[in-house]
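S.K.: Below are the sequence and a predicted model; questions follow.
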Amino acid sequence: QVRLVESGGGSVQTGGSLRLSCAASERAFINYGVGWFRQSPGKEREFVAAIIWSGDSTSLADSVKGRFTISRDHGNNTVYLHMNSLKPEDTAVYYCAAGFGIGQTAALYDYWGQGTQVTVSS
């Protein structure tokens, strides 16, 4: 089992940046692909980004391409979501998830963090 803890959320103005972290204490975390999802009130959870276990391949939702990147640091057992040029529509609770099968579907992931709030004001 892998326990995930997100951090780095907060409130920023339009155009600002944040870096979210998804950390795990279990060393087995390095074997998992990791995805970031987000959910805002009244909306379904949506895919944001994913990275395979090695970090060699990533995937981004069209809505964040050119603004967000995903990376991982095996030494720190952490996956990062770098968010730039933030827009009000990026406001949501952001969740990280880990699984052996990754993709844009939430059901592919086995473990989830508790989420971190990101608020972008205009």
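M.R.: Yep, that arrived. Numbering: from 1, shown residues only.

S.K.: Check the burial of the closest residue in space to Gly9 that isn't next to it in sequence by counting its neighbours.
M.R.: Among residues not flanking Gly9 along the chain, Thr116 sits closest, at 3.4 Å (Cβ to Cβ, 6 or more residues apart in numbering). Heads up, the C-betas are built off the backbone N, CA and C, glycines and all. Using other Cβ atoms under 10 Å, the number of residues around Thr116 comes to 22.

S.K.: Surely Thr116 and Ala92 touch.
M.R.: No. Judged on Cβ atoms under 8 Å, Thr116 makes no contact with Ala92 at a distance of 9.9 Å.

S.K.: Tell me the bridge partners for the residue nearest the centre of the chain.
M.R.: In the chain, the residue lying closest to the centroid (Cα atoms, centre = their mean) is Trp36, at 2.8 Å. Applying DSSP bridges to Trp36 gives these bridge partners: Ala49, Cys96.
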